[in-house]
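In: pasting the sequence and the predicted model now:
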Amino acid sequence: MKRSCAWCGACTVVCPVFRVDGRESLTARGKMHLLASRLAERPSATFRDIFSRCLLCGACENICPRQLPIREQVIGARSGFSAFYGRHGVRRTLARLALSRPPLLEGLVRAGVVLEQHLRTLPPDSGLRLKLGLLESRPVIGRAIPLGSGRYVPGSVSYFTGCLARHLQPAVGRATVRLVRRTVGRHSFVPPGQGCCGLAALSAGRRDEARRMARRNMEAFAASDGPILTSCASCSAHLATYPELFRDDPVLQEQARAFAARVREFSDFFLEPVAAQDPETERELRVLYHDPCHLRFSEQGRSRPRQLLDSIRGLQRVEAAGGGRCCGQGGLFHLGYPELSAAVFRACLAGGMAAGPGLVVTTCSGCLMQWQQGVVLEKQDVLVLHLAVFLLQCLEKGQEEGVSAITGGGLGEENACFADGILLKRAGLTGKSRGRKSRSPGFRDETPAGSGTGPEP
Ligand code: SF4
Ligand code: SF4
């Protein structure tokens, strides 16, 4: 029997968009009401806009007593819209198309690196920066981690990089590969045929495009066996749902099941091997872990990264006041609704900063970029790093400059690893303002070009 909305309103309390906008139509209840009405038969521009203003965060679904598949319904509604629906539809569509075509994305990133040189004089909140969409929050300087030759060495850990670690912040990819080598003593295999996980396409209602991308990834990893490690929470969550994408095709669904069973979320993969290395920070550090929405609503998704951080000596883990919230990035949502996205972020930031962290870490590419850009725009003196980069610094503190080098403002513009530092520098929050001389922490880039396996320690 088809379940229907009970109009209880539980979803309104937790919806990050409703919390800052206040319009009932934007809640899950409002959307369920619209979908059940005749307005759904011929969606108007307003109707399409309402369904575009959803982060697909899943908070409503998590609390809904009827267990309605709200995100699926929102995606289903979007699938009936024209390609450029909602605000900044062209911009979001171009970004989605770039994600689905690795050569195009690489070209854009290369162009962005050149553009970056010319944009440095612009303030971070410049309108020109904001108009640049994909590139506006692209704090990248550095080359993409190389894909493998296609040859798989038995015993290697297969690595699904996702777009951030491959193209936008390659230091995250390099740190992950190096962590694998250092903590489990294995090579990383980075299959050449892999691409975007397809979440952005599915979220836009483009199911066929998402299936095509899923098939490409399944084929890319078919030559290997063992775990498929991901460094992005959103990617890992989406890869695990591939069987759902092929529910009408038993053969492909079986392949998708085998693929999904191999996927390992970052914190879950590294919890034991990192803890066994007895990591520590050089000095006491208050660290806030930001929960990506794709992990926030499962017990394991919440506990694993916290356990990982708790295994680091010298670290004091703090929690956001009022509990964690969605950061407002929402895949391509921030491109369509930058003001709304920023308002959602400010609410998230207020809770996080109330805990007084010196460092924020997360494992989702979207959250990472949202936080890195957001703390600059909001002029907050806090660093934001991917957990992979932070863990590596803790483990290599004897050989590298250590965590204090990061938190103390030792930030090198040539190192993509410290892209957040670049942003902070632009905001005038590093270097002299922190009473320290700016310097490069010297994160080593040892990934050999064209290698099918990761760098040696
Ligand atoms: S998925 Fe998130 S943003 Fe969308 S309606 Fe539900 S709570 Fe609101
Ligand atoms: S929580 Fe579920 S049942 Fe209650 S109003 Fe929201 S969508 Fe409807």
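Out: Structure's in. What do you need? Ligands and ions are numbered 1, 2, ... in the order given.
In: where does the prediction get shaky in the stretch 301-450 of the chain?
Out: Counting by pLDDT under 70, the ranges of the stretch 301-450 of the chain that qualify are 398-450.
In: in it, which spans are helices?
Out: For the stretch 301-450 of the chain, helices defined by DSSP state H, counting those that start in this stretch occupy the ranges 333-336, 338-353, 365-377, 387-395, 403-407, 419-426.
In: nearest to ligand 2, of these?
Out: For ligand 2, the closest of the helices of the stretch 301-450 of the chain is helix 338-353, at 18.7 Å, according to Cβ to the nearest ligand atom. C-beta here means a position set from N, CA and C on the backbone, and glycine is covered the same way.
In: please identify the buried residues of the closest one?
Out: By neighbour count on 16 or more other Cβ atoms under 10 Å, the buried set for helix 338-353 is 338, 340-345, 347-349, 351-353.
In: and that helix, anywhere near ligand 1?
Out: No: Helix 338-353 does not reach ligand 1 (Cβ under 6 Å from any ligand atom); its nearest approach is 8.5 Å.
In: pull the CA atoms of that helix into CSV?
Out: The C-alpha trace of helix 338-353 is given here as CSV (Å, rounded to 0.1, in the frame of the first residue of the first chain):
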residue,chain,number,x,y,z
PRO,A,338,24.1,30.8,-3.5
GLU,A,339,22.4,33.2,-1.0
LEU,A,340,20.2,30.4,0.4
SER,A,341,23.2,28.1,0.5
ALA,A,342,25.2,30.7,2.4
ALA,A,343,22.3,31.3,4.9
VAL,A,344,22.1,27.5,5.6
PHE,A,345,25.9,27.5,6.1
ARG,A,346,25.8,30.4,8.5
ALA,A,347,23.4,28.5,10.8
CYS,A,348,25.7,25.5,10.6
LEU,A,349,28.8,27.6,11.2
ALA,A,350,27.3,29.4,14.3
GLY,A,351,26.8,26.0,16.0
GLY,A,352,30.2,24.8,15.1
MET,A,353,32.1,28.0,16.1
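In: and the contacts of that helix?
Out: 16-17, 19-21, 53, 55, 130, 288, 290, 320-330, 333-334, 360, 370-371, 374-375, 377-378, 380, 382 (Cβ atoms under 8 Å, 6 or more residues apart in numbering).
In: ok, now stretch 215-224?
Out: Here stretch 215-224 makes contact (Cβ under 8 Å, 6+ apart) with 150, 152, 156, 158, 160, 189, 191-195, 197-198, 228, 239, 242, 252, 255-256, 259, 262.
In: now a PyMOL select for only the buried ones of those.
Out: Command for PyMOL, covering only those of these found buried under the criterion 16+ other Cβ under 10 Å:
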select buried, resi 152+156+158+160+189+191+193+194+195+197+198+228+239+242+252+255+256+259+262
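In: who in the stretch 1-150 of the chain is up against ligand 2?
Out: By Cβ under 6 Å from any ligand atom, the residues of the stretch 1-150 of the chain that approach ligand 2 are 5-11, 28-29, 32, 60, 63-66, 68.
In: quick revisit: just the contacts of stretch 215-224: which are in helices?
Out: 239, 242, 252, 255-256, 259, 262 (DSSP state H).
In: which two from the residues you listed end up farthest apart in space?
Out: 252 and 262 (16.0 Å; Cβ to Cβ).
In: the inter-axis angle of the strand ranked longest in the chain versus helix 387-395?
Out: Determined from DSSP state E, the single longest strand within the chain is strand 280-289. When axes from the mean of the first three to the mean of the last three Cα atoms, to 10 degrees is applied, the directions of strand 280-289 and helix 387-395 differ by 160 degrees.
In: which element follows strand 280-289 toward the C-terminus?
Out: Moving toward the C-terminus from strand 280-289, the next helix or strand (DSSP states H and E) is helix 293-296.
In: so what touches that following helix?
Out: Counting by Cβ under 8 Å, 6+ apart, residues outside helix 293-296 touching it are 55, 57-59, 233-234, 236-238, 265, 301-302, 305, 324, 326, 363-364.
In: is ligand 1 contacted by it?
Out: No: Helix 293-296 stays clear of ligand 1 (Cβ under 6 Å from any ligand atom), getting no nearer than 7.8 Å.
In: residues near residue 37, how many?
Out: Using other Cβ atoms under 10 Å, residue 37 has 10 neighbouring residues.
In: got a list of contacts for stretch 31-51?
Out: 4-5, 7, 25-26, 30, 54, 68, 70, 73-74, 77-78, 80-81, 85-87.
In: got the buried residues for that stretch?
Out: 31-32, 34-35, 43, 47-51.
In: sort these by pLDDT and name the bottom one.
Out: Among the buried residues of stretch 31-51, residue 43 carries the lowest pLDDT, at 87.
In: please report the distance of that residue from residue 306.
Out: Distance, residue 43 to residue 306, by Cβ to Cβ, to the nearest Å: 42 Å.
In: do the same with residue 162
Out: For residue 162, the distance to residue 306 equals 22 Å [Cβ to Cβ].
In: so for the two, which residue has more residues nearby?
Out: Between residue 162 and residue 306, counting by other Cβ under 10 Å, residue 162 is the more crowded of the two (28 against 14).
In: check contacts around that one.
Out: Listed by Cβ under 8 Å, 6+ apart, the contact set of residue 162 reads 196-197, 230-232, 234-235, 365.
In: which element is the closest residue to residue 386 other than its chain neighbours on?
Out: Nearest non-adjacent residue to residue 386, counting by Cβ to Cβ, 6 or more residues apart in numbering: residue 172, 4.6 Å away. For residue 172, the host element (DSSP H and E) is helix 170-184.
In: OK, contacts around the spatially most central residue of the chain?
Out: Taking Cα atoms, centre = their mean as the criterion, residue 365 is the residue nearest the geometric centre of the chain, at 2.1 Å. Neighbouring residues of residue 365 by Cβ under 8 Å, 6+ apart: 162-165, 168-169, 172, 232, 234-235.
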